[in-house]
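Enquirer: What would the 3D arrangement of this be:
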Amino acid sequence: MGGTLVFEGTTVGATFSQDALPDNEIGQLGLPVVWHAFTLAQCTRVEVAYCGTDPVFTGYWGLIAKGCPAAITIPATGFSDVACGDGNRTFVYDSLGVGTYYIPVLSDVFGTAYGPYRIELNARVCTGGTPPNDLCSSVAPVTVPVGHEVAFIGDNTGATFIGDGAAGTLFGSVPVPTVWHAFELTHCSSVSVDYCRTANGQTNYWNLLATGCPAALTINPSQILDDECGNGMRTLFFASLQPGIYYVPVIYDPFAGAAGPYVVDVRVGTCFGGTPPNDLCAAVVPDNLVLGVAATLKGDTRGATNDADGLPGSIIGSSALATVWHAFTLEQCARVTVDYCPTELPYASYWDLLVRGCDATDVVTPVFIQVDQCDSGRRTLVFDALEAGTYYLPVLLDAFNGSVGRYAIELLAINCEGDVPVNDNCSDVPVVSLGSDTVVFDGNTTGATNAGDGAPGSLLDDPAVPTVWHAFSIGACSNVRIAYCGTIPVFGNYWDLLFRDCPAEGPVFPSDINDALCASGARTLLFDSLAADTYYLPVLLDAFTGARGPYEVSVSASFCDLQTDAAGRLIPPSGLRVYPVPSDGAITVEGLRAGPYRISVFDTGGRMVEARTGISTPTAQLCDLQHLPAGTYLLVVEQEGTRERRMIVRSGQ
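Expert: Residues are numbered from 1 along each chain as shown. Here you go, the predicted structure:
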């Protein structure tokens, strides 16, 4: 409630297969559609806005659906073409009940509802309703450790003052509508509560925290600041709060602008005059650091001491510099990166080392130190070939160099140089059966080799490029989607294919390659009408393009109608067969019906780049595509209706 979701995608290549039940409005029209879904936990007013879609869509489904395939449709209660400010449409659905709803996004190749889109969903309180956090008894406290923060997001429209305070207390005596949030502290802490990200321009606040529910005691801030945010919104600072649960009241006052969606950020630091919970090395519990999975460490150095930091004579014990600690454990040899990039404050002084114990006598120094990896100029340490074991990471307090206060450190462990990934050879990987659920493959390409990847004379044999492998099987004709969306950082190069053999021999090329379906810009491969078989998925190691390190690939499938032509070749569900795919500039289209036809070719921007009409025999030849730039295109056949097929031109100009 009060929050926002953003969906991005493209309608290129959409179908109407399995979209809706036959008697449903969407099913009756049979127009191509892509989908998104959201779930509501309480009555909600939802805005569905196409703001930012470029070019502007002019065709929409002005409804949402329940059930999948769509069974029930719910029309919008209103819409606006000016709310976005860029000509895109906003739909309003008031008083949606608890449940899951599906958003159909129309694909209209002949109109302008075609190509990339952006949809923003905003959740508001139902008209005439009350917020889900109107009562403090309905909110669950969130534990916030020192150095961490939590964002409370909501909408106070319709708030009441019922049950806010105990009799005789401030909230019990002043009937002001209020909504609530709660957080829990496990260590004495300083806390800031700010409205910096609230955009309603309010001028009235509850300048306090409360304990108990209904609110009993109130705690006044040490400071009230209206110049910290930079936009005039308020910040409350509490210097020393003891462990316990605290309630954040958010006032509802439409006359002072305090109405509607809001964001309240609560940030927890070290207690004034206290010490951080990780001040002593012996007090920290090591975290298991998994290869390929980033871990973020957070804390606050204020109040740190040099107590028991290292034995006398050790580099840390002799320095008498105040230090806090973290620890991690490796289960195998790893190359570990320690970077301070997420630290907001201007840190300029560091402990450039790790130690193997709290006596700090066994020091591990980095193989190199980088100061240009982070946009902020923070430091990055790289430790090569760390053996399995536990390592302690010291974080320095140095107020003279700005290294004081809240910090965040990201750790990432990858394979040691020279270590070969367990899936380096396709013959060593298990075959996963691909059903209706999405299968996620993850791993790390570091150390991959090209040994045994390709059959002699095959694509992977020459040139021999290091590759790791996964394998899946399908039991019936399927359309398969392979997406690298979870790979961060995004790879710069890929194997855009599959293989049926190990070692790899005959490649299977995708019907579409798309770098817009993942919000990160990572690649998605779409394979139409793959026959039942086992397929090997290669993942490329190419350090020169950034295709190196941890990756995550999701593979999903949907069944197709298994049809073959007279020669036993597979015919896609559209009834059209286009070959070769990818094309070298000349294609053949099979599956036309007798009579007049029109064949059009559209680029990914929806522009027609080729057209041909005629009277068909069973085969129509298009030989003139070499003038097109290499890329993905949509071939549309108009002949007693419209049928579509994606295709790839490899050798365009």
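Enquirer: Which strand residues bridge Val338?
Expert: Under DSSP bridges, the beta-bridge partners of Val338 are Leu381, Leu411.
Enquirer: give the contact list for it.
Expert: By Cβ atoms under 8 Å, 6 or more residues apart in numbering, the contact set of Val338 is Leu354, Pro366, Thr380, Leu381, Val382, Phe383, Leu393, Ile409, Glu410, Leu411. No exception for glycine: its C-beta is placed from N, CA and C like everyone else's.
Enquirer: In a markdown table, list the residues you listed along with pLDDT and distance to Val176.
Expert: Below are those laid out as a markdown table (pLDDT from 0 to 100; distance: Cβ to Cβ, whole Å):
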| residue | pLDDT | distance to Val176 |
| --- | --- | --- |
| Leu354 | 97 | 53 |
| Pro366 | 94 | 56 |
| Thr380 | 93 | 49 |
| Leu381 | 94 | 51 |
| Val382 | 92 | 55 |
| Phe383 | 94 | 55 |
| Leu393 | 98 | 47 |
| Ile409 | 96 | 42 |
| Glu410 | 93 | 43 |
| Leu411 | 94 | 46 |
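Enquirer: Turn those into JSON lines, columns for neighbour count.
Expert: As requested, the contacts of Val338 are exported to JSON lines (neighbours: other Cβ atoms under 10 Å):
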{"residue": "Leu354", "neighbour count": "22"}
{"residue": "Pro366", "neighbour count": "18"}
{"residue": "Thr380", "neighbour count": "18"}
{"residue": "Leu381", "neighbour count": "22"}
{"residue": "Val382", "neighbour count": "16"}
{"residue": "Phe383", "neighbour count": "19"}
{"residue": "Leu393", "neighbour count": "21"}
{"residue": "Ile409", "neighbour count": "22"}
{"residue": "Glu410", "neighbour count": "17"}
{"residue": "Leu411", "neighbour count": "19"}
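Enquirer: if you skip the residues just before and after it, what's nearest to Thr487?
Expert: Nearest non-adjacent residue to Thr487, counting by Cβ to Cβ, 6 or more residues apart in numbering: Tyr551, 4.4 Å away.
Enquirer: Next: Pro366.
Expert: Leu381 (4.2 Å).
Enquirer: Next up, the contacts around that neighbour.
Expert: Thr337, Val338, Asp339, Tyr350, Asp352, Pro366, Ile369, Gln370.
Enquirer: one more time with 10 Å
Expert: 336-340, 350-354, 365-370, 393, 409 (Cβ atoms under 10 Å, 6 or more residues apart in numbering).
Enquirer: Make a ChimeraX selection of the buried ones in the residues you listed.
Expert: Filtering the contacts of Leu381 down to the buried ones (16 or more other Cβ atoms under 10 Å) takes a single ChimeraX command:
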select :336,337,338,339,340,350,351,353,354,366,393,409
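Enquirer: Now go through the contacts of Leu381 and say which are in helices.
Expert: Cross-referencing these against helices under DSSP state H gives no overlap.
Enquirer: Quick one: mark the members of the contacts of Leu381 that sit in strands.
Expert: Val336, Thr337, Val338, Asp339, Leu354, Phe368, Ile369, Gln370, Leu393, Ile409 (DSSP state E).
Enquirer: Looking at strand pairing, list the partners for the fifth one.
Expert: Spelled out, that is Leu354. Val364.
Enquirer: shouldn't it be in contact with Tyr391?
Expert: Yes: using Cβ atoms under 10 Å, Leu354 makes contact with Tyr391 at a distance of 4.6 Å.
Enquirer: Need the mean per-residue confidence for stretch 481-492.
Expert: For stretch 481-492, mean pLDDT rounds to 91.
Enquirer: Just the C-alphas of it, formatted as CSV.
Expert: Taking C-alpha atoms only, stretch 481-492 is exported to CSV below (Å, rounded to 0.1, in the frame of the first residue of the first chain):
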residue,chain,number,x,y,z
ARG,A,481,12.9,-19.4,-23.2
ILE,A,482,16.4,-19.0,-21.9
ALA,A,483,17.1,-15.7,-20.0
TYR,A,484,20.3,-14.4,-18.3
CYS,A,485,18.2,-11.8,-16.3
GLY,A,486,19.8,-12.9,-13.0
THR,A,487,23.3,-12.4,-14.2
ILE,A,488,24.9,-9.4,-12.5
PRO,A,489,27.0,-7.8,-13.8
VAL,A,490,25.5,-8.3,-17.3
PHE,A,491,27.6,-10.4,-19.6
GLY,A,492,28.9,-8.8,-22.8
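Enquirer: Any buried residues in that stretch, and which?
Expert: Arg481, Ile482, Ala483, Tyr484, Cys485, Gly486, Thr487, Val490, Phe491.
Enquirer: May I see those arranged in CSV, with secondary structure and distance to Gly443 as well?
Expert: Output for those, formatted as CSV (DSSP: H, G, I helix; E, B strand; the rest coil; distance: Cβ to Cβ, whole Å):
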residue, secondary structure, distance to Gly443
Arg481, strand, 19
Ile482, strand, 14
Ala483, strand, 15
Tyr484, coil, 12
Cys485, coil, 16
Gly486, coil, 12
Thr487, coil, 10
Val490, coil, 16
Phe491, coil, 13
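Enquirer: what's the closest of these to Thr143?
Expert: Gly486 (27.4 Å; Cβ to Cβ).
Enquirer: dump the residue contacts of the nearest residue to the closest one once chain neighbours are set aside.
Expert: Distance criterion Cβ to Cβ, 6+ apart; nearest residue to Gly486, sequence neighbours excluded, is Glu552 at 3.1 Å. Counting by Cβ under 10 Å, 6+ apart, Glu552 touches 292-293, 440-443, 483-488, 522.
Enquirer: what would those look like in a markdown table with distance to Pro249?
Expert: Output for these, formatted as a markdown table (distance: Cβ to Cβ, whole Å):
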| residue | distance to Pro249 |
| --- | --- |
| Gly292 | 43 |
| Val293 | 38 |
| Val440 | 42 |
| Phe441 | 47 |
| Asp442 | 43 |
| Gly443 | 48 |
| Ala483 | 44 |
| Tyr484 | 45 |
| Cys485 | 40 |
| Gly486 | 39 |
| Thr487 | 43 |
| Ile488 | 38 |
| Ala522 | 43 |
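Enquirer: so which of those comes closest to Gly3?
Expert: Cys485 (21.7 Å).
Enquirer: Verify the stated contact: the closest one with Thr524.
Expert: Yes: Cys485 is within contact range of Thr524, at 7.4 Å (criterion: Cβ under 10 Å).
Enquirer: shared neighbours, those two?
Expert: Leu517, Cys518, Ser554.
Enquirer: Could you identify which of the residues you listed has the most neighbours?
Expert: Within those, most neighbours by other Cβ atoms under 10 Å means Leu517, with 21 neighbours.
Enquirer: Run a quick neighbour tally on the residue lying closest to that residue once chain neighbours are set aside.
Expert: Distances taken as Cβ to Cβ, 6+ apart put Thr524 closest to Leu517, at 4.3 Å, once the chain neighbours are dropped. Number of residues near Thr524 (other Cβ under 10 Å) recorded here: 19.
Enquirer: Okay, Thr524 and Pro249: tell me how far apart.
Expert: 46 Å (Cβ to Cβ, to the nearest Å).
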